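*Asks:* give me coordinates for this.
(one chain, ligands or ions: 1)
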Amino acid sequence: MQVGNNAVVMIHYTLTGDNGEAIDSSAGGDPLAYLHGRGNLIRGLESELAGKVAGDALKVRVAPKDAYGEVDADLIQVVARSAFSGIESIEVGMRFQTPTARGPRTAMVTEVHADNIHLDANHPLAGKHLNFAVEIVEVRAATMDELSHGHVHGPGGHHH
Ligand code: ZN
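*Replies:* Next up, the predicted model:
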């Protein structure tokens with residue numbers, strides 16, 4: 001069976017950035033299972049998997065616009081240190097819920113200064129090209145339950 005809309009697809013994948021840095025991988029664990037055509041996988045990868053069959057292996061390079069988007073300058077803010085009164089120690093990497101031009105978001109602290117804090121609410125992978133090495137493990141028809149829920153049940157998927 002080919003990968004197409006409403007197929008359940010199980011893949012092993014390795015995701016690296018443009019400098020070869022490892023970002024994510026299913027190696028050593030269960031394959032990832034997803035329901036094709038429901039937006040459960042980033043668009044630029046899902047479209048390249050259509051028509052493939054179990055056993056196929058491919059490399060896919062996905063541009064930011066088809067992955068997590070470009071970096072949005074409106075989501076990078078400099079906030080007065082006084083806005084964090086009551087928090088003793090603020091460190092790079094900490095996350096806060098914050099209002100932004102795009103609504104409330106979770107932002108990560110990227111710089112800490114004596115009188116201000118830099119917050120970035122972009123997705124950590126925004127602006128990055130994503131390089132996937134994918135192996136298709138299995139392709140099967142979705143069950144009626146999976147189709148009505150819009151996601152995969154069982155191994156590698158959601159459990160109810
Ligand atoms: Zn479900």
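*Asks:* send me stretch 146-155 as CSV with only the CA atoms.
*Replies:* Extracted C-alpha coordinates of stretch 146-155, given in CSV (Å, rounded to 0.1, in the frame of the first residue of the first chain):
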residue,chain,number,x,y,z
GLU,A,146,-8.5,6.7,13.9
LEU,A,147,-10.2,8.5,11.0
SER,A,148,-12.9,10.0,13.3
HIS,A,149,-10.3,11.1,15.8
GLY,A,150,-7.8,12.4,13.2
HIS,A,151,-4.8,10.5,14.7
VAL,A,152,-3.2,7.1,15.1
HIS,A,153,-4.1,4.7,17.9
GLY,A,154,-1.9,1.9,19.2
PRO,A,155,1.9,1.6,19.0
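*Asks:* close to the ion, is that stretch?
*Replies:* Yes - for stretch 146-155, a contact with the ion is found by C-beta under 5 Å from the ion, at His149. Just so you know, the C-beta spots here come from the backbone N, C-alpha and C atoms, and that holds for glycine as well.
*Asks:* now do the same contact list for the nearest residue to Ala141 once chain neighbours are set aside.
*Replies:* Distance criterion C-beta to C-beta, 6 or more residues apart in numbering; nearest residue to Ala141, sequence neighbours excluded, is Ala7 at 6.6 Å. For Ala7, the contact set (C-beta atoms under 8 Å, 6 or more residues apart in numbering) comprises 1, 35-37, 139-142.
*Asks:* list phi and psi for Ala7.
*Replies:* Main-chain dihedrals, Ala7, degrees, to the nearest 10: phi -90, psi 140.
*Asks:* quick one on the thing from earlier: now that we have the contacts of Ala7, which of them are buried?
*Replies:* Buried subset of the contacts of Ala7 (neighbour count, 16 or more other C-beta atoms under 10 Å): 35-37, 139, 142.
*Asks:* of those residues, which are in range of the ion?
*Replies:* Taking C-beta under 5 Å from the ion as the test, the ion is in contact with none of those.
*Asks:* looking at those residues, which is nearest the ion?
*Replies:* Leu35 (9.9 Å; C-beta to the ion).
*Asks:* for that closest one, give me the pLDDT.
*Replies:* We have a pLDDT of 96 for Leu35.
*Asks:* strand partners (parallel or antiparallel) of the one helix or strand in the chain whose mean pLDDT sits lowest?
*Replies:* The least trusted helix or strand in the chain, going by mean pLDDT, DSSP states H and E, turns out to be strand 95-98, with a mean of 92. With DSSP bridges as the test, strand 95-98 is paired with strand 105-112 (antiparallel).
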